[in-house]
Structure formats: C-alpha cells, structure tokens
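> Have a look at this fold, sequence not included:
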C-alpha cells in the first residue's frame, strides 16, 4: 500500500490507477487514517512512513 498526502481539490474519479498494479483508491482524512492505523488496517511500513512524513510536515510548518 502506498500512501500519498495531497492538498488538492479533486474528485476520486479523476485518479488514474495503473492496471495490474493498483486495486483501488479512496480519500481518507487524518483522523480516519489514524483510526485505520490504530485498528491495524494499515501495513506497518505504511504506518512508519506516515509517522515520519507527518512529523516532517509538522516540523517544517506545512500542517
């Protein structure tokens, strides 16, 4: 699972998925993603990347 942070007003139907590589996509907010992590619905490598990226974004003042 790949996790992307996007600040853009776009409809999910505009996202093009690579055939054979991608099963699906959906938008989730910060609270929902953290809830998914707490429920172990997100793979550990993604959880670790999210934590590192979120810390960086906070430190640099992006969020």
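In hand now; what should we look at? Since the model is a prediction, treat every value here as computed from it, not as a measurement.

> buried sites along the helix-or-strand element of the chain with minimal mean pLDDT?
Every helix and strand in the chain was compared by mean pLDDT, DSSP states H and E; the lowest is helix 44-59, with a mean of 87. By 16 or more other C-beta atoms under 10 Å, the buried positions in helix 44-59 come out as 47, 50, 54. For every residue, glycine as well, the C-beta is placed using N, CA and C.

> So what's the gap between that helix and the chain middle?
Taking C-alpha atoms, centre = their mean, to the nearest Å, one finds helix 44-59 lying 10 Å from the centre of the chain it belongs to.

> before we move on, the earlier item: for residue 30, state which of the buried residues of helix 44-59 is nearest.
For the buried residues of helix 44-59, the minimum distance to residue 30 (C-beta to C-beta) is 8.1 Å, reached by residue 54.

> can you tell me which residues contact the closest one?
When contacts are counted by C-beta atoms under 8 Å, 6 or more residues apart in numbering, residue 54 is found next to residue 63.

> What spatial separation is found between it and residue 20?
Separation of residue 54 from residue 20 (C-beta to C-beta, to the nearest Å): 30 Å.

> ok, now residue 56?
Applying C-beta to C-beta to residue 56 and residue 20 gives a distance of 32 Å.

> Please, where are all the helices along the protein?
For the chain, applying DSSP state H gives helices covering 30-38, 44-59.

> Turn these into a markdown table, including distance to residue 16.
Listed next are the helices of the chain as a markdown table, based on distance: least, C-beta to C-beta, whole Å:
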| stretch | distance to residue 16 |
| --- | --- |
| helix 30-38 | 22 |
| helix 44-59 | 21 |
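
> Out of those, flag the one nearest residue 15.
helix 30-38 (16.9 Å).

> Need the contact partners of that closest one.
Helix 30-38 has contacts (C-beta under 8 Å, 6+ apart) with 3, 28, 42, 47, 50.
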